[in-house]
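> my questions are about this predicted structure, shown below with the sequence.
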Amino acid sequence: MAEADGEPAGVGVIVKAGVVTAAAEPAGAAGDLQADAIKHNRTVTRYGDILRGKAMRQQVILIVCKAIVPIHVKLMRISAIQGNQIQSLAMKTQNHKTLQIIILVSLGVLLASCGQGGRSPDRVVESYLTALVAKDDVTAVNLSCVAWEANAEVEGAAFEGVEVTLDNLACSVEEQNGESATVACGGKIVFSYAGGENEVIDLGSRQYSVVLEGGDWRMCGYK
């Protein structure tokens, strides 16, 4: 064995394959060197284990990441598909509500046209005279313009306690100009008081004034 620089003969350290071993030395000094070599071997072994542990952990993390990434991508795709489905459903629901509103509005317009607002001027006069004879003052007033409502009540009260009939009623529009119209009627009202003779009102003896008020044609007096 070669002598180490500055060391006495017989004192040295042999290094083989990263393992430090003490050379044959005298008792005492040889024991210290052997202890240092064992300690060094343990340190090298411990650091080797640590490095191998880190490498294994990094490998495990890499494997887990490789497994998680495709799952995350699939979840993102599923979420996007569900979002599109929800948006489509919301649009369909909104369209359905819009259609319902349109249908309801259309029905309202149709119902309004079927009511009093859909009556022509001549039909309004016929309904008004029919209500008087039937002693239906409420309907007669509802068929009158605001200016004629009080007169309608008076005419209706005139037939109270009287036997009255309406014969051969037929009305037609003679003239219509914007929101006013003139109606002529044929027929007669026959009435009598108790025990009295029949009296007749000739419906063709006068013309009926009709006006458009509040969107409806209404009876509004005589000409």
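Arrived safely, thanks for sending. None of these values were measured; they are calculated from a predicted model. Numbering: from 1, shown residues only.

> now do the contacts for the nearest residue to residue 119 once chain neighbours are set aside.
Ranked by C-beta to C-beta, 6 or more residues apart in numbering and with sequence neighbours excluded, the top spatial neighbour of residue 119 is residue 217, at 6.0 Å. All C-beta spots, glycine's among them, are computed from the backbone N, C-alpha and C. Contact analysis of residue 217 by C-beta atoms under 8 Å, 6 or more residues apart in numbering lists 119, 120, 121, 124, 181, 210, 211.

> ok, residue 222 next?
Per C-beta under 8 Å, 6+ apart, neighbours of residue 222: 206, 207, 208, 209.

> nearest to residue 148 among the residues you listed?
Taking C-beta to C-beta as the measure, residue 148 lies nearest residue 209 of the contacts of residue 222, at 8.6 Å.

> got the confidence number for that closest one?
Looking at residue 209, its pLDDT is 97.

> could you do residue 40 as well?
We have a pLDDT of 58 for residue 40.

> re earlier: from residue 196, how far out is the residue nearest to residue 119?
36 Å (C-beta to C-beta, to the nearest Å).

> quick one on the thing from earlier: wait, a helix at the residue nearest to residue 119?
No: using DSSP: H, G, I helix; E, B strand; the rest coil, the assignment for residue 217 is strand, not a helix.

> dump the residue contacts of residue 157.
Residue 157 neighbours (C-beta under 8 Å, 6+ apart): residue 137.

> hmm, I was thinking of residue 195
Residues in contact with residue 195 (C-beta under 8 Å, 6+ apart): none are found.

> secondary structure class for it?
coil.

> got a pLDDT number for it?
73.

> could you do the one 4 residues further on as well?
On the pLDDT scale, residue 199 is placed at 91.

> and residue 170, how far is that from residue 125?
To residue 125, residue 170 is 10 Å away according to C-beta to C-beta.

> can you list residues touching both of the two?
residue 185.

> in terms of neighbours, single out the busier of the two.
More neighbours surround residue 125 than the other of residue 170 and residue 125, with 28 against 12 (other C-beta atoms under 10 Å).

> flag the shaky bits of the protein, pLDDT-wise.
When residues are selected by pLDDT under 70, those of the chain lie in 1-117.

> for the residue lying closest to residue 137 once chain neighbours are set aside, pull up the helix or strand it's in.
Distance criterion C-beta to C-beta, 6+ apart; nearest residue to residue 137, sequence neighbours excluded, is residue 156 at 3.8 Å. Per DSSP states H and E: residue 156 is located in helix 149-158.
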